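Enquirer: Output the structure for:
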Amino acid sequence: MKIHTEWGKALEKTTGVLTDETIIKASNQHCMDQGIDPEQPPIFPKCYAADELGSQLRVYSEVIEVIDFFVTKFLSSVKGNPILVTISDDAGYLLAFKGDPTIIDLVGQVGIKEGVQLNKEVGTNSIALCLEHQRPFQLKGQDHYHQILHRLVCCTAPFYKEDGREILGTISFMADIDVAHPHLLPLLCTMADSIEREILLRRGNAELQLLNRILLDTNYLGVIITDELGTIVNINENCLNMLHLDGEHQESVIGASVFEIRNVGSYFQHVILQQEACAGLEVIQESNGLFEHYMLDVLPVYDSNACLARVIGSLRNITEMKKTEEVLRNTEKLVVAGQLAMSIAHEIRNPLTTVKGMLQLANKDSQLLHYDLIMSEVERMNLIVSEFLILGKPQAALYRVEQCSTILQEVLSIFAIQVEMNNISLNTQFHFDANILCDRNHIKQVFLNILRNSMEALPFGGSITVALDVENGFQKITFTDNGEGMNREVLDKLGQPFHTTRGDGNGLGIMIVKKIVSAHRGRVTIASEVGVGTAVTIYLPIK
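Expert: Model (predicted):
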């Protein structure tokens, strides 16, 4: 004993860390200084009320459940040995007991029960010392201050929160000194480590399940989740419908290989084999002769050891967006053709009119050979030119009373997924809504053109704000982006045919917007500043 004491003093002097022996001795001296009678049972001045204990048990319910699992397995392996296991919170209040009924009854007789706090004012105890010095502690026999506890060995180990620095609570063993195993404290420390890992794993799984649930419950996303081998572990109803697996149920698809699903299986296989994400892929599904377009993203998910754990695929329906793009392309082509046709027709019609007049004059003076045939061909040429002019005229509009916000919301819903894919935030500020007399499709085309221009001004992401208001008898719709902006020279030329600052543009978008709005007795204003952004405001008369 003298050798051990001398070694402990040398260790304290070298490292500055107090040995267990010194700490226990100081604690017992503190008890003496406080006038605590060692021959009497300990007194517990602090104890949770019933409602406080119930509240704390709810907070620690998951922890107690995990500990109960490990403790049950441990106690089943040491049957016949009277061992008691206790769980405390981070303040030393006892929350639960499990183990030998004899020891539970014994400690209950001295006042140790659920809800009491074991601090240093109670007497020397392993829980208080563990929490104070933030390390495992063992008290054996006469290490305890109270004589009634001299027949026990008490070991306590802390378990920590996710950060690994702050103590969440303690787990303790109490055993009769005659049957206590010398490795009881190391075993307890191993169990505490296992408890920490299990709690961390459970909470990580809970967060993963929450993320999965959020993904699976989205209204517009079809989601498939597989394991590292491509076996489907989850799929939502949206995805079943999008992939035309309508005859299948989630239960029948889960457990199957994703590689067998047409149009998407090969992308999952690529991600699993190459461990590279596949994003922004267009998938076309055919159903009853109709084609549906989807945007597919397939992403690998890794665990803490950088091993592939899950593969998540998401499908977005972009059919309406593709249709809108096709309408815009066809409209622009038609406008280009109309502009070109009108230009050619005017150039041909002028000399044609001259030729026709000269032929009519010449026929008065002399009979021209084949005059009727020539005039017939001239009239046919005139008819062809007239058809070119008709092509350049705007299509007949169908005016009805419409709610402006309804049309706007339809257009915004088309762009919602596209702006998200391009890292653009879309904000709406609907202050005052009104009815307007308009051709719904034409006004829709106006909004589409402006929004597309705004998106193209934000190649690296940004924000678009759409505001709806009423001003001086007009419905005011403002589209504001924080893109590159335009200088005065570019602004002055906006709306001119074939004038564009984009390499792939044709300069007809704003021209169409102004033409349609003008036909609705409205007006368009455009304000822009380089490096700040652009605001396009549409004014349409209120009905």
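Enquirer: just checking, what packs against the host helix or strand of Thr406?
Expert: Per DSSP states H and E: Thr406 is located in helix 404-421. Helices and strands in packing contact with helix 404-421 are listed as helix 319-365, strand 424-430, strand 435-438, helix 440-456, strand 462-471, strand 474-481; criterion 3 or more Cβ pairs under 8 Å, 6 or more residues apart in numbering; DSSP states H and E. Heads up, the C-betas are built off the backbone N, CA and C, glycines and all.
Enquirer: Now find how far off-centre that helix is within its chain.
Expert: When distances are taken as Cα atoms, centre = their mean, to the nearest Å, helix 404-421 is centred 20 Å away from the chain's centroid.
Enquirer: Buried residues, it. List them.
Expert: Cys404, Ser405, Ile407, Leu408, Val411, Leu412, Ile414, Phe415, Ile417, Gln418, Val419 (16 or more other Cβ atoms under 10 Å).
Enquirer: hang on, the earlier thing: quick one: the helices and strands packed on helix 404-421 as CSV, columns for distance to Val116 and mean neighbour count too.
Expert: Conversion of those to CSV gives the following (distance: least, Cβ to Cβ, whole Å; neighbours: other Cβ atoms under 10 Å):
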stretch, distance to Val116, mean neighbour count
helix 319-365, 66, 14
strand 424-430, 55, 14
strand 435-438, 72, 20
helix 440-456, 65, 21
strand 462-471, 58, 17
strand 474-481, 64, 21
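Enquirer: how about the ones you listed, which one is nearest Ser76?
Expert: Proximity to Ser76, assessed across the helices and strands packed on helix 404-421 by Cβ to Cβ, is greatest for strand 424-430 (56.8 Å).
Enquirer: Out of the buried residues of helix 404-421, which comes closest to Tyr267?
Expert: Ile417 (18.6 Å).
Enquirer: ok, the closest residue to the closest one other than its chain neighbours - how many residues close by?
Expert: Nearest residue to Ile417 in three dimensions, chain neighbours excluded: Arg316, at 5.0 Å (Cβ to Cβ, 6 or more residues apart in numbering). The local packing of Arg316 (other Cβ atoms under 10 Å) involves 22 other residues.
Enquirer: that older thread, so which of the buried residues of helix 404-421 comes closest to His431?
Expert: Ser405 (10.5 Å).
Enquirer: ok, now which ones touch that closest one?
Expert: Contacts for Ser405 were tallied using Cβ atoms under 8 Å, 6 or more residues apart in numbering; they are Phe430, Asp433, Leu468.
Enquirer: Give me the secondary structure label for the second one.
Expert: Secondary structure assignment for Asp433 (DSSP: H, G, I helix; E, B strand; the rest coil): coil.
Enquirer: which among the contacts of Ser405 gets closest to Ile148?
Expert: Relative to Ile148, and with distances defined as Cβ to Cβ, the nearest of the contacts of Ser405 is Phe430, at 75.0 Å.
Enquirer: How about the closest one: what's its closest non-neighbour residue?
Expert: Among residues not flanking Phe430 along the chain, Leu468 sits closest, at 4.5 Å (Cβ to Cβ, 6+ apart).
Enquirer: Could you give the bridge partners of that neighbour?
Expert: Assessed by DSSP bridges, Leu468 has beta-bridge partners Phe430, Ile477.
Enquirer: Give the helix, strand or coil label for Gly54.
Expert: Per three-state DSSP, the local secondary structure of Gly54 is helix.
Enquirer: Give me the distance between it and Leu95.
Expert: Gly54 sits 11 Å away from Leu95, taking Cβ to Cβ, to the nearest Å as the criterion.
Enquirer: Okay, now the unreliable bits of the stretch 151-300 of the chain?
Expert: Within the stretch 151-300 of the chain, the ranges that satisfy pLDDT under 70 run 204-217, 246-250.
Enquirer: if we go to 80?
Expert: Per-residue confidence for the stretch 151-300 of the chain (pLDDT under 80) gives these ranges: 162-164, 179-182, 200-220, 245-252, 287-290.
Enquirer: How about the stretch 401-543 of the chain?
Expert: Low-confidence segments of the stretch 401-543 of the chain, defined by pLDDT under 80, span residues 414-418, 421, 441, 445, 489, 492-512, 515.
Enquirer: change it to 50
Expert: When residues are selected by pLDDT under 50, those of the stretch 401-543 of the chain lie in 498-499, 503-506.
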